[in-house]
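Participant: Make a model of this:
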Amino acid sequence: MKHQKKTWFYLFSAPVVIALILVVIVPFIYGIYYSFTNWDAVAQGDFVGLANYQRLFSDEGFWNAIWFTTKFAVISIILINVIGLSLAMLVTSKFKGANILRTIFFMPNLIGGLILGFIWQFIFINAFSAIGDMIGNPALKTWLSTTETGFWAMVIVMCWQMSGYIMVIYISYLQGVDESLLEAADLDGATAWQKFWNVKFPLIMPGFTVSLFMTLSNCFKLYDQNLSLTNGGPYNSTQMVAMNIYNTAFLENKMGYAQAKAVVFFIFVAIISLTQVYLTKRKEVEA
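Facilitator: Residues are numbered from 1 along each chain as shown. A predicted model of the protein is given here:
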């Protein structure tokens with residue numbers, strides 16, 4: 001019987017493992033190899049050693065994209081988690097219409113990133129322009145045309161899309177909080193903030209770890225909204241790393257160099273993600 005269970009386990013897990021190897025692991029290994037070549041997607045490409053990586057150090061556009069993406073990620077991660085947790089606290093309080101609000105808050109996550117970007121592009125260009133005419137503020141008419149406002153436009157869209165998704169994660173953990181602990185805090189005279197910070201938040205710390213990881217990975221790899229909102233303009237000042245790598249590969253036909261950028265970016269994000277998970281997991285143990 002035990003042998004039969006193992007057979008079924010391997011049988012059902014085999015398609016997933018095979019797909020993982022073919023779609024993720026094999027391309028990843030090939031990508032590392034091509035990062036050491038001058039492959040241009042046409043010719044075979046010669047092995048050039050560390051030349052692509054050495055070239056990265058003097059690539060100002062790539063490092064500007066890294067810096068812009070990091071700023072975007074930090075601000076978006078903070079806002080998305082604060083908004084998501086606030087919405088979760090709101091809809092888990094007992095009042096009529098809470099379930100309807102959950103659906104409304106989650107709906108933006110169902111819209112594809114590219115479509116979402118074009119919807120908000122229309123809002124920023126047309127609606128903001130109309131508001132600018134009404135109040136006599138010409139700056140609102142060029143919302144996507146400057147580096148600063150273009151940055152905040154992407155932050156707004158990212159928060160609007162992901163906050164509802166993160167809300168669902170926090171809801172699942174908030175509903176698991178033992179009510180007796182909150183009642184005991186009430187008897188001790190704890191305020192609403194003290195109950196949240198000293199009772200609820202430590203108990204939902206695993207949800208915070210998951211939410212932080214999800215927002216971190218999504219913010220760093222963002223491409224579709226960057227394309228549909230600003231397309232990296234003006235003068236690549238709002239270009240994120242994913243777009244920089246894509247343009248190097250498919251517009252400049254420098255596949256090997258683009259792959260070197262991708263490897264460096266992967267290492268950069270992996271270090272940040274693993275550090276984040278390690279630090280927040282330690283908080284879970286303390287809690």
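Participant: ok, now how distant is the spatially most central residue of the chain from Trp120?
Facilitator: For the chain, the residue sitting closest to the mean C-alpha position, by Cα atoms, centre = their mean, is Asn218 at 1.8 Å. As judged by Cβ to Cβ, to the nearest Å, Asn218 and Trp120 stand 17 Å apart. For every residue, glycine as well, the C-beta is placed using N, CA and C.
Participant: Ser211 now?
Facilitator: Distance from Ser211 to Trp120, by Cβ to Cβ: 23 Å.
Participant: the more surrounded of the two?
Facilitator: Ser211 (26 against 21; other Cβ atoms under 10 Å).
Participant: Alpha carbons of the helix or strand hosting that one, as PDB, please.
Facilitator: Using DSSP states H and E, Ser211 sits within helix 205-220. Backbone C-alpha positions of helix 205-220 (Å, rounded to 0.1, in the frame of the first residue of the first chain) are rendered in PDB as follows:
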ATOM      1  CA  MET A 205       3.400  38.300  10.800                       C
ATOM      2  CA  PRO A 206       3.500  35.200   8.500                       C
ATOM      3  CA  GLY A 207       1.000  37.000   6.300                       C
ATOM      4  CA  PHE A 208       3.300  40.100   6.400                       C
ATOM      5  CA  THR A 209       6.200  37.900   5.200                       C
ATOM      6  CA  VAL A 210       4.200  36.500   2.300                       C
ATOM      7  CA  SER A 211       2.800  39.900   1.300                       C
ATOM      8  CA  LEU A 212       6.100  41.600   1.500                       C
ATOM      9  CA  PHE A 213       7.700  38.900  -0.700                       C
ATOM     10  CA  MET A 214       4.800  39.100  -3.300                       C
ATOM     11  CA  THR A 215       4.900  42.900  -3.600                       C
ATOM     12  CA  LEU A 216       8.700  42.900  -3.700                       C
ATOM     13  CA  SER A 217       8.900  40.400  -6.600                       C
ATOM     14  CA  ASN A 218       6.000  42.000  -8.600                       C
ATOM     15  CA  CYS A 219       7.400  45.600  -8.200                       C
ATOM     16  CA  PHE A 220      10.900  44.700  -9.300                       C
END
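Participant: Report all helices and strands that the helix or strand just after that helix contacts.
Facilitator: Using DSSP H and E, the helix or strand that follows helix 205-220 towards the C-terminus is helix 224-229. Counting contacts by 3 or more Cβ pairs under 8 Å, 6 or more residues apart in numbering; DSSP states H and E, helix 224-229 packs against helix 113-122, helix 147-174, helix 241-246.
Participant: Fine, thanks again, bye for now.
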